[in-house]
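K.L.:
Dropping the sequence and predicted coords here.
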Amino acid sequence: MLPFKESTGRWAIVAPFLAHYAVGRSPFLCRLLECSDCSFRFFDSRLEPDEVTRLYSGYRGDGYFAERHRWEFWYSRKSTMESVEIPKKSPTALRRWKGSCFLM
């Protein structure tokens, strides 16, 4: 059952790093849902509190980087620390992190 009546979804696979590191299993199917009202996207699978603890315990420490790089060879300290700011005059401030955009 979709969490919102007005949501649409498509199948997705949980990233191998997240599946192995936090959840402790092989990648698995989930649904990527999108609110038809505001276009907010979210996964129907949620991490349990102990999985969140595993994910953020030692976050970006040496062990975290080693394991993340094992699954995502492009992931490095440099790629996560460099950012380009869009001028603050824009109505929605965005920060671009090598390959991903995050709303701020």
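P.N.:
Yep, it's here. Numbers count the residues shown, from 1 in each chain.
K.L.:
now what about the longest helix anywhere in the chain, what contacts it?
P.N.:
Counting residues, the longest helix found in the chain (DSSP state H) is helix 62-71. The set of residues external to helix 62-71 that reach it, using C-beta atoms under 8 Å, 6 or more residues apart in numbering, is 15, 16, 17, 20, 21, 58, 75, 76, 77. In short, each C-beta sits where N, CA and C put it, glycine included.
K.L.:
For residue 52, state which of those is nearest.
P.N.:
residue 21 (11.7 Å; C-beta to C-beta).
K.L.:
So for the closest one, what's the pLDDT?
P.N.:
Looking at residue 21, its pLDDT stands at 94.
K.L.:
and it, what does it touch?
P.N.:
54, 55, 67, 68, 71.
K.L.:
Kindly report the same for residue 23.
P.N.:
Contacts of residue 23 by C-beta under 8 Å, 6+ apart are 14, 47, 51.
K.L.:
can you do 6 Å?
P.N.:
Residue 23 sits next to residue 51 when contact means C-beta atoms under 6 Å, 6 or more residues apart in numbering.
K.L.:
just residue 50 next, same as before
P.N.:
With C-beta under 6 Å, 6+ apart as the criterion, no residue contacts residue 50.
K.L.:
The same query, at a cut-off of 10 Å, please.
P.N.:
Residues near residue 50 by C-beta atoms under 10 Å, 6 or more residues apart in numbering: 22, 23, 24.
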